[in-house]
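Visitor: For reference, the sequence and a predicted model appear below.
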Amino acid sequence: MATKLVKSYRFALRSSFMIFILVIAMLIVFQLILNTFNWWATLGISLLVFVVSLIVIQVRVERFIYRRIKKIYDDFSLLESATFSSKPITTDMKTLTEELGKFAEDKKIEIDTLKIREEYRKDFLGNVSHELKTPLFTVQGYILTLLDGAIKDKKVRTKYLERASKGVERLIYIVKDLDLITKFEAGNLRLDKKYFDIIELIQNVFELLEMKAAKKEITLTFDIEYPEPIMVYADQEKIQQVLTNLLVNSIKYGHKNGTTEISVENLIRNKVIVRVTDNGEGIPKQHIPRLFERFYRVDQSGSRKEGGSGLGLAIVKHIVEAHGEKIYVESEVDVGSEFSFTLEKTENNSEKLVEESSSLANPS
């Protein structure tokens with residue numbers, strides 16, 4: 001408080017003190033000329049002048065600065081006008097400089113954030129447009145061809161209608177994925193958590209994707225044999241979607257005769273980490289920070305080699321984070337990629353197996 005007082009009234013005190021000295025000097029000279037001298041009268045008058053000067057200068061300076069500082073604050077919208085009426089305006093320019101500097105720094109951060117968001121919005125709209133227009137134009141092309149007369153040819157009609165149907169299915173697939181992400185972001189999608197064997201779930205996903213992997217001659221396998229079940233506590237259906245999306249990506253961008261391997265390792269006492277590793281194309285490092293954005297693709301060219309909604313990894317991230325877990329990615333071009341995520345593990349696998357079995361046998 002003392003420091004603030006000194007800073008606030010420093011200018012008025014200094015000015016008043018200078019006037020005080022000047023008045024004393026003038027009174028002494030005046031009394032010497034009159035050949036009379038009264039110390040008490042001189043000191044009293046000088047002190048009175050000092051006090052009056054201090055009050056007048058302080059009030060005038062405050063009013064002078066108030067008008068100008070208030071305009072500055074109003075222009076920058078830093079403070080409400082009421083703030084000035086409730087607190088005295090001081091002559092401390094250092095405080096004003098610091099506040100204006102802070103204001104400028106905050107605005108710079110805000111502007112930078114808005115620029116980043118604007119770039120993200122442009123990318124997102126461009127990607128949405130690209131993903132939606134491809135199947136839309138495909139469907140439109142087949143329907144227009146049929147309307148132009150091809151509908152009379154039964155073989156062409158059937159083929160074009162089937163292809164148009166595939167385009168519609170792709171649109172539905174994209175819209176469903178977008179709806180799922182929106183629900184996750186809005187917090188409207190509830191997780192149905194239960195105990196299940198993650199090893200068994202991975203094996204089921206392997207079997208579902210066996211034919212897809214066989215077409216590219218890619219082997220889906222565990223890193224080692226897991227003779228005992230590993231029980232985790234999560235939404236089984238959503239974790240199956242996570243594994244499916246990661247494996248589908250691995251197959252898409254894997255090399256012929258390649259391998260995709262899954263391992264399940266203990267991380268800490270109540271956590272396991274599931275790793276999906278392949279020896280495929282790999283991902284350039286500059287793309288890794290944006291991998292989980294909606295519609296973001298490593299292949300930025302207009303014609304893309306692989307299909308998909310472009311939402312697979314975004315969905316994976318949302319599902320994992322909805323469980324309160326983390327997802328990681330490591331990759332090197334022409335070496336391969338590894339996606340890993342954590343899950344809550346149960347302490348006693350055998351007890352949970354019995355518990356799950358009894359709950360299925362006695363649903364009541």
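Guide: Cool, the structure landed.

Visitor: Next, Tyr226: secondary structure please.
Guide: Here Tyr226 takes the coil state, with states given by DSSP: H, G, I helix; E, B strand; the rest coil.

Visitor: What is the burial count for it?
Guide: Tyr226 has 17 neighbours, counted by other Cβ atoms under 10 Å. Yep, even glycine has a C-beta here, placed from its N, CA and C like the rest.

Visitor: and if you look at Asp112?
Guide: For Asp112, the count of nearby residues is 10 (other Cβ under 10 Å).

Visitor: doesn't Leu247 fall inside a strand?
Guide: No - residue state for Leu247 (three-state DSSP) corresponds to helix; a strand is not indicated.

Visitor: the helices in the stretch 251-364 of the chain, which residues?
Guide: Assigned by DSSP state H, counting those that start in this stretch, the helices in the stretch 251-364 of the chain fall at 312-322, 349-361.

Visitor: and those helices, which one is worst for confidence?
Guide: Mean pLDDT is lowest for helix 349-361 out of the helices of the stretch 251-364 of the chain, coming in at a mean of 49.

Visitor: which element follows the helix or strand of the chain with the lowest mean pLDDT toward the C-terminus?
Guide: Of all the helices and strands that make up the chain, helix 81-86 has the lowest average by mean pLDDT, DSSP states H and E, namely a mean of 44. Using DSSP states H and E, the next helix or strand after helix 81-86 towards the C-terminus is helix 93-147.

Visitor: Nearest residue to Glu332 in space, please, no chain neighbours.
Guide: Leaving aside its sequence neighbours, Glu332 sits nearest to Gly282 (Cβ to Cβ, 6 or more residues apart in numbering; 5.1 Å).

Visitor: pretty sure that neighbour is touching Val333, no?
Guide: Yes - contact status for Gly282 versus Val333: in contact at 4.1 Å, counting by Cβ atoms under 8 Å.

Visitor: Neighbour count for the two, which is higher?
Guide: For Gly282 against Val333, the residue with the higher neighbour count under other Cβ under 10 Å is Gly282, and the figures read 17 against 11.

Visitor: Backbone dihedrals for that one, please?
Guide: Backbone geometry at Gly282, expressed as degrees, to the nearest 10, gives phi 80, psi 170.

Visitor: so what's it scoring on pLDDT?
Guide: With respect to pLDDT, Gly282 has a value of 87.

Visitor: quick one: contacts for it?
Guide: Contacts here follow Cβ atoms under 8 Å, 6 or more residues apart in numbering; on that basis Gly282 touches Ser331, Glu332, Val333, Asp334, Val335, Gly336, Ser337.

Visitor: Would you quantify the distance from it to Ile251?
Guide: Remark: distance between Gly282 and Ile251 (Cβ to Cβ, to the nearest Å) = 15 Å.

Visitor: what does Val329 give?
Guide: From Val329 over to Ile251 the distance is 17 Å, taken as Cβ to Cβ.

Visitor: These two: which is more packed in?
Guide: The residue with more neighbours, out of Val329 and Ile251 and counting by other Cβ under 10 Å, is Ile251; that gives 21 against 18.
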